[in-house]
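>>> I would like the atomic coordinates for the input below:
(one chain, ligands or ions: 3)
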Amino acid sequence: MWRRVASVSHLFSHSKSTKFNQGGSTFKIWETITSESEIPTPSKGSPFITFVLGGPGSGKGTQCAKIVEAFGFTHISAGDLLRREIASGSAYGSVILSTIREGKIVPSQVTVQLIQKEMESSDNYKFLIDGFPRSEENRKAFEQTIGTEPDVVLFFDCPEQEMVKRVLNRNQGRVDDNIDTIKKRLEIFDELNWPVINYYSQRGKLHKINAVGTVDEIFEKVRPIFAPLSK
Ligand SMILES: Nc1ncnc2c1ncn2[C@@H]1O[C@H](COP(=O)(O)OP(=O)(O)O)[C@@H](O)[C@H]1O
Ligand SMILES: Nc1ccn([C@H]2C[C@H](O)[C@@H](COP(=O)(O)OP(=O)(O)O)O2)c(=O)n1
Ligand SMILES: [Mg+2]
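Numbering: from 1, shown residues only. Ligands and ions are numbered 1, 2, ... in the order given. Modelled structure (predicted):
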């Protein structure tokens with residue numbers, strides 16, 4: 001079991017918006033991306049954290065379900081937590097809903113606090129954090145609040161055309177699964193996610209996976225990454 005001692009209940013009351021400052025650069029430095037990083041050995045005294053990155057419809061959630069089944073992780077989907085917050089009628093629900101509908105990113109303080117609550121209430125120590133961090137602001141807020149970096153970062157690399165096709169066929173009644181919002185989400189992904197991908201690539205933590213193929217074919221590329229872990 002993993003529990004963090006410090007409280008972050010101050011986050012909402014002290015939260016302030018932070019402007020993204022990417023300077024227009026997209027950091028598409030493929031040469032630095034490795035898929036052969038060694039994964040550290042997990043220990044039950046500290047959390048073992050995997051971030052799962054990829055554009056909308058790249059198959060993050062689908063592959064997370066397979067990883068949970070095979071390797072016993074707890075799946076924390078940032079998008080699911082935000083949708084749950086909307087459905088619960090929380091004070092932040094309407095802001096979260098309009099942000100998601102516009103294809104934008106919810107302020108990091110909100111998302112990180114929801115993730116932290118999930119981690120703290122889990123008896124597991126192996127976490128898959130899906131759809132997070134989506135920006136450098138997300139990444140830094142997690143590090144500052146949780147006080148740790150991920151052990152492994154997966155990046156599902158999928159062509160835009162394929163992502164659009166999958167999202168339009170997803171059929172889960174999501175407010176952001178329509179062509180207008182998808183276009184905005186892809187633009188924001190391109191602008192804000194690449195710096196995060198580049199950051200973890202440089203730190204030797206990134207595993208880039210070609211996300212085209214059947215679900216099982218893709219999982220066979222994921223499996224060896226976690227093979228050193230037992231369930
Ligand atoms: N390899 C795949 N090939 C075709 N469709 C897929 C594949 N993986 C997932 N899907 C489908 O594409 C849609 C998006 O997948 P999902 O896992 O929700 O992606 P993400 O979480 O990255 O947005 C879902 O309807 C899912 O069933
Ligand atoms: N770190 C995050 C994750 C999701 N969100 C918001 C914005 C995203 O477009 C929506 C949906 O995210 P989700 O991960 O469920 O979306 P996909 O599975 O990639 O299609 O939630 C966010 O603001 N910050
Ligand atoms: Mg998803």
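>>> Please export the C-alpha coordinates of the top helix by length along the chain as CSV.
Secondary structure of the chain per DSSP state H: the longest helix is helix 179-202. Extracted in CSV, the C-alpha atoms of helix 179-202 (Å, rounded to 0.1, in the frame of the first residue of the first chain):
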residue,chain,number,x,y,z
ILE,A,179,-15.3,16.6,-35.5
ASP,A,180,-15.0,20.2,-34.4
THR,A,181,-13.7,19.4,-30.9
ILE,A,182,-11.4,16.7,-32.2
LYS,A,183,-9.7,19.2,-34.5
LYS,A,184,-9.1,21.5,-31.5
ARG,A,185,-7.9,18.6,-29.4
LEU,A,186,-5.4,17.5,-32.0
GLU,A,187,-4.1,21.1,-32.3
ILE,A,188,-3.7,21.3,-28.6
PHE,A,189,-2.1,17.9,-28.4
ASP,A,190,0.4,19.0,-31.1
GLU,A,191,1.2,22.2,-29.3
LEU,A,192,1.4,21.1,-25.7
ASN,A,193,2.2,17.3,-25.6
TRP,A,194,5.4,17.3,-27.7
PRO,A,195,7.4,19.2,-25.1
VAL,A,196,6.3,16.5,-22.5
ILE,A,197,7.2,13.7,-24.9
ASN,A,198,10.6,15.3,-25.6
TYR,A,199,11.3,15.8,-21.9
TYR,A,200,10.7,12.1,-21.0
SER,A,201,12.6,11.0,-24.1
GLN,A,202,15.7,13.0,-22.9
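>>> And that helix, how far out from the chain middle?
Mean-position distance between helix 179-202 and its chain equals 12 Å (Cα atoms, centre = their mean, to the nearest Å).
>>> other SSEs contacting it?
strand 48-54, helix 136-146, strand 152-157, helix 160-168 (3 or more Cβ pairs under 8 Å, 6 or more residues apart in numbering; DSSP states H and E). Placement of C-beta: from N, CA and C, glycine included.
>>> ok, and for it, which residues are buried?
181-182, 185-186, 188-189, 192-201 (16 or more other Cβ atoms under 10 Å).
>>> ok, back up a step: for ligand 2, find the nearest of the helices and strands packed on helix 179-202.
Comparing the helices and strands packed on helix 179-202 against ligand 2 with Cβ to the nearest ligand atom, the closest turns out to be helix 136-146 (5.2 Å).
>>> so what's the closest residue to ligand 3 within the chain up against?
Per Cβ to the ion, residue 61 is where the chain lies closest to ligand 3, at 3.5 Å. When contacts are counted by Cβ atoms under 8 Å, 6 or more residues apart in numbering, residue 61 touches 77, 130.
>>> Quick one: distance of the helix or strand containing it to the chain centre.
Secondary structure assignment for residue 61, by DSSP states H and E: helix 60-71. From the chain centre to the centre of helix 60-71 is a distance of 13 Å (Cα atoms, centre = their mean).
>>> do stretch 39-56 as well
For stretch 39-56, the distance to the chain centre is 11 Å (Cα atoms, centre = their mean).
>>> does any bit of that stretch sit next to ligand 3?
No. Using Cβ under 5 Å from the ion, stretch 39-56 never reaches ligand 3; the gap is at least 7.5 Å.
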